[in-house]
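Visitor: quick one, what's the 3D model for this:
(2 chains)
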Amino acid sequence: EVQLLESGGGLAQPGGSLRLSCAASGFTSGSCAMSWVRQAPGRGLEWVSGIGTAGNAYYADSVKGRFTVSRDISRNTLSLEMNSLRAEDTAIYYCAKLHLYSATYYDAWGQGALVTVSS
Amino acid sequence: QSVLTQPPSVSAAPGQKVTISCSGSSSNIGKNSVSWYQQLPGTVPKLLIYENNKRPSGIADRFSGSKSDTSATLGITGLQTGDEADYYCGTWDSTMSVWVFGGGTKLTVL
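Guide: Sure, this is the predicted structure:
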């Protein structure tokens, strides 16, 4: 069974940093494109970042230059390093997996990690 | 402002049918397949429709999807109170090289 489990959320001050991790099980995360999707309180889904099977990384304009996505194939984990955090980064961050073959839809989501940016 | 445009809300009575539209452009829906996600209150998003009109195993055939040019539509028939949720469309934008979601549509079953 495919499972995604996020960790590392919490409270950070504006300008601070946090690192999120997503532990994958039931599949080899390196063989699938993966993404981070966030949802601010009471708001809709916002795609944040993605990484392809070749390690190519993509970012939303709102986080470009501040967030870095990476993967550790040996540990089957996906990470999101978040720097220069802003209040508007406050959200639940979901790790999501794109379908193995078509990579055109998210077929698994984690439970989410809450990130709160506040002084 | 989302790249994909959805109505903020739709409503219908139990047993009725509802459609939710998702409007994009030639760089996203016009080039790539659309998927739909259901988010029940307080839960994680769940895949509802993929590749425009396909249903994952376990999704009732009351749910259907279609795509035409730069727009997509989610249809739900035989509405049930358990269908009350937020629905999101999503696809890849080939010009911006980002994944885009619609702003979400809240379905109320009256």
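
Visitor: for the residue sitting nearest the centre point of chain A, what are its contacts?
Guide: With distances taken as CA atoms, centre = their mean, the residue of chain A nearest its centroid is residue A:36 (2.8 Å). For residue A:36, the contacting residues are A:20, A:22, A:47-50, A:69, A:78, A:80, A:93-96, by CB atoms under 8 Å, 6 or more residues apart in numbering or on different chains. All C-beta atoms are positioned from the backbone trio N, CA, C, and that covers glycine.

Visitor: which of those residues come close to chain B?
Guide: Restricting the contacts of residue A:36 to those near chain B by CB under 8 Å from any CB of the partner chain leaves A:47, A:50, A:94.

Visitor: ok, so of these, who is nearest chain B?
Guide: Nearest to chain B, judged by CB to the nearest CB, of the ones next to chain B among the contacts of residue A:36 is residue A:47 at 4.2 Å.

Visitor: now the residue lying farthest from the centre of chain B. Nearest residue, chain neighbours left out?
Guide: For chain B, the largest distance from the centre (CA atoms, centre = their mean) belongs to residue B:95, which lies 21.8 Å off. Distance criterion CB to CB, 6 or more residues apart in numbering or on different chains; nearest residue to residue B:95, sequence neighbours excluded, is residue B:27 at 3.8 Å.

Visitor: one step back: in JSON lines: the contacts of residue A:36, plus pLDDT.
Guide: Output for these, formatted as JSON lines (pLDDT from 0 to 100):
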{"residue": "A:20", "pLDDT": "98"}
{"residue": "A:22", "pLDDT": "96"}
{"residue": "A:47", "pLDDT": "97"}
{"residue": "A:48", "pLDDT": "98"}
{"residue": "A:49", "pLDDT": "97"}
{"residue": "A:50", "pLDDT": "96"}
{"residue": "A:69", "pLDDT": "97"}
{"residue": "A:78", "pLDDT": "95"}
{"residue": "A:80", "pLDDT": "98"}
{"residue": "A:93", "pLDDT": "98"}
{"residue": "A:94", "pLDDT": "98"}
{"residue": "A:95", "pLDDT": "97"}
{"residue": "A:96", "pLDDT": "97"}
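
Visitor: tally of neighbours for residue B:35?
Guide: Using other CB atoms under 10 Å in any protein chain shown, residue B:35 has 27 neighbouring residues.

Visitor: which residue packs closest to it, ignoring adjacent ones?
Guide: Excluding its sequence neighbours, the residue lying closest to residue B:35 (CB to CB, 6+ apart) is residue A:105, at 3.7 Å.

Visitor: before we move on, back to that, buried subset of the contacts of residue A:36, written for ChimeraX?
Guide: The buried subset of the contacts of residue A:36, as determined by 16 or more other CB atoms under 10 Å in any protein chain shown, is captured in ChimeraX by this line:
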select /A:20,22,47,48,49,50,69,78,80,93,94,95,96
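
Visitor: which one of the contacts of residue A:36 sits closest to chain B?
Guide: Taking CB to the nearest CB as the measure, chain B lies nearest residue A:47 of the contacts of residue A:36, at 4.2 Å.

Visitor: which residues touch that closest one?
Guide: Neighbour list for residue A:47: A:35, A:36, A:37, A:60, B:90, B:98, B:99, B:100, B:101 [criterion: CB under 8 Å, 6+ apart].

Visitor: which residues of chain A fall in strands?
Guide: Here chain A has its strands, by DSSP state E, at A:3-7, A:10-12, A:18-25, A:34-39, A:45-51, A:57-59, A:67-72, A:77-82, A:91-98, A:106-109, A:113-117.
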